[in-house]
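S.K.: Predicted coordinates and the sequence they were generated for:
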Amino acid sequence: MQQVHPRVLVSAYACGPGDEPEAAAGWAFAKAAARSHRVHVITRHRFAPAVAAELERDPELARNLTVEYLDLSERVLARKRRGSDVYWYYVLWQRALARRAAELHRVTPFDVGHHVTFANDWLPCGLARVRDLPVVWGPVGGASGVPLRLVRWLGLRGTVTELLRGVLTAPLRAMWGDAAARRATVVVAQNEAVARRFRRARHVVVEPNAALDDDLPKRARLARPAPPGPESDSAPRVLRAVFVGRLLAWKGGRLAIEALARTPGWELHVYGTGYERPALERLARRRGVTGRVVFHGHRPRAEVLDTIAGCDAMLFPSMHDQAGWVAAEASALGRPVVCLPLGGVPLLAGVNARLAPLAGDVVSHLAARLEETVTAPGTPSDRWSASRLPEVVEHLYRLASPRTASTRTATTGNIA
């Protein structure tokens, strides 16, 4: 009896080791699948150097993981100039991937296909077009938006952006997302809101694409903040909150500054860049907290992680983050995360989430939760470490196809 490893075809628009969350997620899922499956990944050429170096460093991984690179023609690539061009290019790339995947599946059939990245549930899934291939679609997200009661905190540009987002993505989700969900054997949702949107699919599993370094909880023990000084101290320690993310309206920067204005004794350190920064600076001046808000701009990931590990709390009132890794990182580092009960942030913050209710005065709720972190600090969590993924993908593939049990036997033939 010869052992036969199940064959998995992975579609990963971004896939490779490094600091890019989307690529890191694709690479983490591919590595996890390769623990007990023969994995063939299709991704783009830009990740080839990093992937090649990692496979050379890890011969055991290289035995079970084959990476193929697919890009469109030079003429098409030359038209991809702006950041927004990624969307039309991605649609065309998925069409090309569907053709290549069908060809591979025809020659040597796969037991399951797994669409890992891009994580947008309103864009097409090329693997869904491959006949007779059980498909795991996701983790995907996008089907959650800003509640009407929070629109006032978006500003004019943010409001227009959210309206356009809804108008543009809703019909595309109905066309491409629903089609992928109907075709997929398993839909993997980034959060509960997405799971509800695709609840009619055959199998729906909630599993964010977070894949954190296993040593993050260890880093937490090296940089725990000092306890605040007693009331009698002449100069009690200033408590430090951090906000990390692109400075876009829906990330909740305005809510964070408003909450800071109601919590004397705290300062807010903002990491990230984006169109909202001038508006946030003006708001800080109006609220008289300019001296307590520090804008650091974009900083290296290692520096940001050290800052999170040494802060007192993360203040992150994002309004529809699908799977904000920064919340998972803060939780892994043992920091409480003050957030709203929206999107994937509460899920990723886990035991360290400090939820501010949406009813009533949201700013007061955020301020109160921030103050509460002084007496209710967080604890390091390994819930979203990359080491969990082999078990996760094994479960997903078993749901998709019973043939993908991690070890099978055959009486004849070579390892597939």
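M.R.: Cool, got the structure. Numbers count the residues shown, from 1 in each chain.

S.K.: Could you double-check that Ala386 lies in contact with Phe29?
M.R.: No - counting by C-beta atoms under 8 Å, Ala386 does not reach Phe29; the two are 9.2 Å apart. All C-beta atoms are positioned from the backbone trio N, CA, C, and that covers glycine.

S.K.: between these two, what contacts are shared?
M.R.: Common contacts of Ala386 and Phe29 (C-beta atoms under 8 Å, 6 or more residues apart in numbering): Ala211.

S.K.: With neighbour numbers in mind, choose between the two.
M.R.: More crowded of Ala386 and Phe29, by other C-beta atoms under 10 Å: Phe29, with 29 against 18.

S.K.: Tell me the confidence at the more buried one?
M.R.: pLDDT for Phe29: 96.

S.K.: same thing with Ala410?
M.R.: pLDDT, Ala410: 34.

S.K.: Contacts for the longest helix along the chain, please.
M.R.: The longest helix of the chain (DSSP state H) is helix 85-107. Helix 85-107 has contacts (C-beta under 8 Å, 6+ apart) with 9, 11, 13, 40, 42, 44, 68, 70-72, 76-77, 79-80, 110, 113, 118, 123-127, 129-133.

S.K.: Adjacent strands (with direction) for whichever helix or strand comes after that helix?
M.R.: Using DSSP states H and E, the helix or strand that follows helix 85-107 in sequence is strand 112-117. Take DSSP bridges as the rule and strand 112-117 pairs in its sheet with strand 7-12 (parallel), strand 135-140 (parallel).

S.K.: next SSE after the first one?
M.R.: Moving toward the C-terminus from strand 7-12, the next helix or strand (DSSP H and E) is helix 21-34.

S.K.: Next, the angle from the longest helix of the chain to strand 7-12.
M.R.: 170 degrees (axes from the mean of the first three to the mean of the last three C-alpha atoms, to 10 degrees).

S.K.: Give me the neighbour count for Val374.
M.R.: For Val374, the neighbour count with other C-beta under 10 Å is 16.

S.K.: how about it, phi and psi?
M.R.: phi -60, psi -40 (degrees, to the nearest 10).

S.K.: Go ahead and confirm it touches Leu239.
M.R.: Yes - with contact defined as C-beta under 8 Å, Val374 counts as touching Leu239 (6.8 Å).

S.K.: for the stretch 201-350 of the chain, which spans come out with low pLDDT?
M.R.: Across the stretch 201-350 of the chain, the ranges flagged by pLDDT under 70 are 218-235.

S.K.: ok now do the closest residue in space to Ala189 that isn't next to it in sequence, which residues does it touch?
M.R.: Distance criterion C-beta to C-beta, 6 or more residues apart in numbering; nearest residue to Ala189, sequence neighbours excluded, is Ala195 at 3.9 Å. Each residue near Ala195 by C-beta under 8 Å, 6+ apart is listed here: 187, 189, 204, 206.

S.K.: The second one and Val204 touch, don't they?
M.R.: Yep, that's Ala189 we're talking about. Yes - under the criterion of C-beta under 8 Å, Ala189 makes contact with Val204 at 6.1 Å.

S.K.: quick one, what contacts the residue nearest to the spatial centre of the chain?
M.R.: Nearest to the geometric centre of the chain sits Ala323, at 3.9 Å (C-alpha atoms, centre = their mean). The contact partners of Ala323, by C-beta under 8 Å, 6+ apart, come to 119, 139, 141, 190-191, 208-210, 343-344, 347-348.

S.K.: Report the two of those residues separated the most.
M.R.: Taking C-beta to C-beta, the two most distant members of the contacts of Ala323 are Ala119 and Leu347; they sit 14.3 Å apart.

S.K.: what about those two, which has more around it?
M.R.: The residue with more neighbours, out of Ala119 and Leu347, is Ala119; 25 against 21, by other C-beta under 10 Å.

S.K.: Measure how buried Ala279 is and give me the count.
M.R.: Around Ala279 there are 18 residues (other C-beta under 10 Å).

S.K.: Help me confirm that it comes into contact with Arg254.
M.R.: Yes - taking contacts as C-beta under 8 Å, Ala279 lies within contact range of Arg254: 7.2 Å.

S.K.: overlap in contacts of the two?
M.R.: Counting by C-beta under 8 Å, 6+ apart, the contacts common to Ala279 and Arg254 are Gly155.
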